[in-house]
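Enquirer: Okay, predicted coordinates and the sequence, questions at the end:
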Amino acid sequence: MSQSFNDRSVSAAPASSDRRENESVQLRLPNGDVRSVRPGTPLLEIARSLGTSVGKNAVAARLDGRLVDLSEAAREDSSLDLLLAGDADSLPIYRLSAAHLLAQAVKRLFGGVDGSDAKLGIGLATKDGFYYDFELPSALSAEDLPAIEKEMRRIAEENLPIRRRMMNRDEALDFYRERNEPYKIEMIEDAPEHEDFSLYEQGEFVDLDRGPHLPSTGRLKVFKLLSVAGAYWRGDSNRPVLQRIYGAAFPRKEQLEEHLLLLEEAKKRDHRKLGRELKLFMFSEEAPGMPFYLPNGMTLRTELENFSRGVQLRGGYDEVRSPLMMNRRLWEASGHWDHYKDNMYFSEVDDEAFALKPMNCPGHMLMYKNELRSYRDLPIRMMEFGQVHRHEYSGALSGMMRVRTFCQDDAHLFVLPNQIEDEIGKVMDLIDGMYRVFGFDYRIELSTRPEDSMGSEELWNKAENALRNVLEERGADYRLNEGDGAFYGPKIDYHVLDALGRSWQCGTIQLDFQMPEKFDLTYVGEDGAKHRPVVIHRAIYGSIDRFLGILIEHYAGAFPLWLAPSQVRVLPVSAHYDDYAFEVRRMLREAGLRAEADISGNKLGYKMRAAQQDKVPYIFVVGQKEQESGSVNVRRYDSEEQVLTPLDEMIARLDEEVGARR
């Protein structure tokens, strides 16, 4: 179920009034072949004419680039590209049809005699599957999913044709009023006044949707329901909570099996679970959505900050610190008041309105403006590990991935116009080098002007062209993300890929001609006149807190040596060797390594298992032989091999490994 009805890409093409029925329509296929068919021939029939396999596996089609159902008719000369099962673009179609299959099954099982007891919300295909929201007479649980899934399979076996029909606004409203579907009525009423609507019908079930869909329910054979959750209607915490059912759907069974294995692995790596087990952080109802860093977690965060700080200082950045709370006047001047105030926290100080900063930018603008600048001073690169606060709905909070306060590794570069591309290139090199230390591959997006943008079209075009030039001159592989820029400028976003192939948006480079205007920033040029600098906003981690959560899942909690909260755990085989264990620990700590000794009195096997569960990179076992020879018995995390090694040699090896950040 789509939330938008103004996308006409799936509307039926109008019949050509001047094409005679006895004339043929010419369809150009991707391989260059041309097929002649009768006007009005359904695309499914054309797919079948191209071979049994094509007809069986065709999912939808692109007709002159428009994504359409196979029930669409060929009415005029066009290009035709059939989407087959297995094509990447076919997955959303499977999942959207699976969402309708789910809704039909829920209507049958929980809707009462006429189905009206189950009210339909929204169903969508997602990156990983599908979901549908319902208002139901009673609460569902995971125990209800097998019965719903069984009914879905029954409907699939009925092989019901999936047909599309169009209605105008009044017809659609009458249709859903008759069926007592308040959420559908609201969506139609909120759509543009002259909008027409497409509905998809399969058996007794009809749903509002832009499509496209599979030709019939029989095409859906590989799906599974996964979970039940609550979801605010339209994501608004002031609206009713509906029941959301999540599922997965694929063309082939092995794809589903692989996906389910991935989900199981993701559960094991869940940063919330590992964060508790490894004592990294905690949350409390006293500060919802605001993480408390425990000693182990603080070690991780400090290492991340120090790594980034060192890289940036060597790259010519100066570290600064701006206040957490500033006057409302500043946020009005920056544009945040108009574009971001719903996400901000406010307070009153001396009868004036103040706000906790949601971003570091305005503070850095004030710092730049604090003194007279010359063109010889530029570029000026300010960096800050700045704590920011942003209001998120309680239902959106998710461990470290979505919080209400976090640390941004922010930087603002004040540059001359002719320095823009060179400075952006240096930032891209810096981000690339840091991501490779963590073993991340990444993808790049160029995000352009959003609807709520600030400033003139001319400045936006100038900024977008500058970013595009840098990407193309560097030969960067990027995709365009239209309309997703910041309100003050376009941006380059970095999406890192973790060990499970999941994508996370982290780094960003934003080009801004607006803030210098808003804050009247200037520099004295060679001509002695005042000119405007250009501002480059830049983050590498994005949010250190979120990046830490990503790293926990990426490494499954088994951090590389340089990051690990505890790098070495020394295990004496008995209490007789506690003193030597303390001596080993002392020497490790003097070498700058984070080491601890387990003198708990437990048996060695228990100590070993505890160290493995805590994912300590190195375990040093010490006993009589080790004490007499000044050595340690070394075992790496998740390895059975133990190697007797002189202590001084081992310290040198660990020091080298930490320094190399392997």
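Expert: Happy to help now that I have it.
Enquirer: where in this protein is pLDDT low?
Expert: Under the criterion of pLDDT under 70, the regions of the chain flagged as low confidence span 1-22.
Enquirer: Now do the phi/psi pair for the residue nearest the centre of it.
Expert: Note on the chain: the residue nearest the mean C-alpha position is residue 504, at 4.4 Å, using Cα atoms, centre = their mean. Comment: the main-chain dihedrals of residue 504 come out as phi -130, psi 130, following degrees, to the nearest 10.
Enquirer: do the same with the one 3 residues further on
Expert: In this entry, residue 507 is assigned phi and psi values of phi -70, psi 160 (degrees, to the nearest 10).
Enquirer: One more: residue 352?
Expert: phi -120, psi 150.
Enquirer: thinking it is in contact with residue 326, fair?
Expert: No: using Cβ atoms under 8 Å as the test, residue 352 is too far from residue 326 to be in contact (10.8 Å). Just so you know, the C-beta spots here come from the backbone N, C-alpha and C atoms, and that holds for glycine as well.
Enquirer: Which of those two has more residues huddled nearby?
Expert: Comparing residue 352 with residue 326 by neighbour count (other Cβ atoms under 10 Å), the higher total belongs to residue 326, at 17 against 10.
Enquirer: Give me the phi and psi for the more buried one.
Expert: Phi and psi for residue 326, reported as degrees, to the nearest 10, are phi -140, psi 160.
Enquirer: how close does residue 604 sit to residue 598?
Expert: Residue 604 sits 9 Å away from residue 598, going by Cβ to Cβ, to the nearest Å.
Enquirer: what does residue 476 give?
Expert: Noted for residue 476: a distance of 49 Å to residue 598, by Cβ to Cβ.
Enquirer: More neighbours: which of these two?
Expert: When neighbours are counted by other Cβ under 10 Å, residue 476 and residue 598 differ, and residue 598 comes out ahead with 21 against 12.
Enquirer: which residues sit in contact with the more buried one?
Expert: When contacts are counted by Cβ atoms under 8 Å, 6 or more residues apart in numbering, residue 598 is found next to 569-572, 581, 607, 610-611.
Enquirer: again, but for residue 389
Expert: Shown here is residue 389, whose contacts under the criterion Cβ under 8 Å, 6+ apart are 324, 344-345, 356-358, 404-405.
Enquirer: which of the residues you listed tops the neighbour count?
Expert: Ranked by neighbour count under the definition other Cβ under 10 Å, the contacts of residue 389 are headed by residue 357 with 25 neighbours.
Enquirer: and residue 458, helix, strand or coil?
Expert: Here residue 458 is helix, with the state taken from DSSP: H, G, I helix; E, B strand; the rest coil.
Enquirer: For stretch 48-67, measure first residue to last.
Expert: With Cα to Cα, to the nearest Å as the measure, the first residue of stretch 48-67 is 19 Å from its last.
Enquirer: ok, residues contacting it?
Expert: Taking contacts as Cβ under 8 Å, 6+ apart, the residues outside stretch 48-67 that touch it are 9-11, 13, 35, 43-44, 47, 68-70, 72, 74, 78-87, 89-90, 93-94, 212-215, 219.
Enquirer: Next, the residues that contact stretch 79-94 from outside, please.
Expert: Taking contacts as Cβ under 8 Å, 6+ apart, the residues outside stretch 79-94 that touch it are 27-30, 35, 43, 46-47, 50, 54, 57-65, 67, 74, 125, 212-214, 219-220, 249-252.
Enquirer: swap in stretch 318-327?
Expert: With Cβ under 8 Å, 6+ apart as the test, stretch 318-327 has contacts from 309, 312-313, 347, 349, 352-357, 360, 362-364, 366-367, 380-387, 389.
Enquirer: Filter those residues down to just the buried residues.
Expert: Buried members of those, counted by 16 or more other Cβ atoms under 10 Å: 312, 354-357, 360, 362-364, 366-367, 380-387, 389.
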